[in-house]
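K.L.:
have a look at this prediction, sequence included:
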Amino acid sequence: MIMPVKECVGAVIYAPDVFEDIFLMDSPKWPGYLVVPGGRLESGESREDACHRELREELGIEITDLVYVQTKTIPAGTLPFHDRTVEFIFHDYFAKAQSRLFTPNHELGHLSGWYKHGDVLPLPLPEPITALLELYWQHVWQTGGHLNQPFTPMLASQRPG
């Protein structure tokens, strides 16, 4: 039996003035967790266009310096709170917000907002988001904060500390 597939984008959004501040949101689609903004691709839409559209719709913000990170497939039945008959394909990005101001839509909960690096790890984050944030901090370290450069994953032996 072939499972239906939902293709989605998501992005670690960092503040325009300091890359240590990232945007996390609480959403009814992930109750009890904070996640990065994103959503489904529309028919015929590129992944990059979907990222721009979703962030405009969810946060009312414009982004620059969109950097592709990875594509991961999540098998049907493994994501809590989601349709268990659907396979998900997530395309992850890093992007810079043009402004810290955001206009929440109906999907954003009261915990949505800018978080400092040191405040993120104790937060309730699902494993895929924790892993994506680890890649973000790896990219910050690799590029010295010049985040518009292409993402290159490091081997475990290359990681600091």
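P.N.:
Sure thing, it's come through.
K.L.:
flag the shaky bits of the chain, pLDDT-wise.
P.N.:
Scanning the chain for pLDDT under 70 picks out 1, 79-82, 154-161.
K.L.:
ok, and for the helix ranked longest in it, which residues are buried?
P.N.:
In the chain, taking DSSP state H as the definition, the longest helix is helix 127-143. For helix 127-143, the neighbour count (16 or more other CB atoms under 10 Å) marks 128-129, 132-133, 135-140, 142-143 as buried. All C-beta spots, glycine's among them, are computed from the backbone N, C-alpha and C.
K.L.:
centre of the chain to stretch 4-23, how far?
P.N.:
Using CA atoms, centre = their mean, to the nearest Å, the mean C-alpha position of stretch 4-23 is found 3 Å from that of the whole chain.
K.L.:
spell out, range by range, the strands that occur in this protein.
P.N.:
Under the criterion DSSP state E, the chain carries strands at the ranges 5-14, 21-26, 34-35, 38-40, 63-74, 87-97, 113-116.
K.L.:
determine which of those approaches residue 148 most closely.
P.N.:
strand 63-74 (3.9 Å; CB to CB).
K.L.:
quick check, nearest of the buried residues of helix 127-143 to residue 122?
P.N.:
For the buried residues of helix 127-143, the nearest to residue 122 is residue 133 (12.7 Å; CB to CB).
K.L.:
ok, now how distant is the closest one from residue 114?
P.N.:
Distance, residue 133 to residue 114, by CB to CB, to the nearest Å: 14 Å.
K.L.:
returning to what we had before: tell me what angle the longest helix of the chain forms with strand 87-97.
P.N.:
Calculated by axes from the mean of the first three to the mean of the last three CA atoms, to 10 degrees, helix 127-143 forms an angle of 40 degrees with strand 87-97.
K.L.:
by contact count, what packs against helix 127-143?
P.N.:
In terms of contacts (3 or more CB pairs under 8 Å, 6 or more residues apart in numbering; DSSP states H and E), helix 127-143 is packed against strand 5-14, strand 63-74, strand 87-97.
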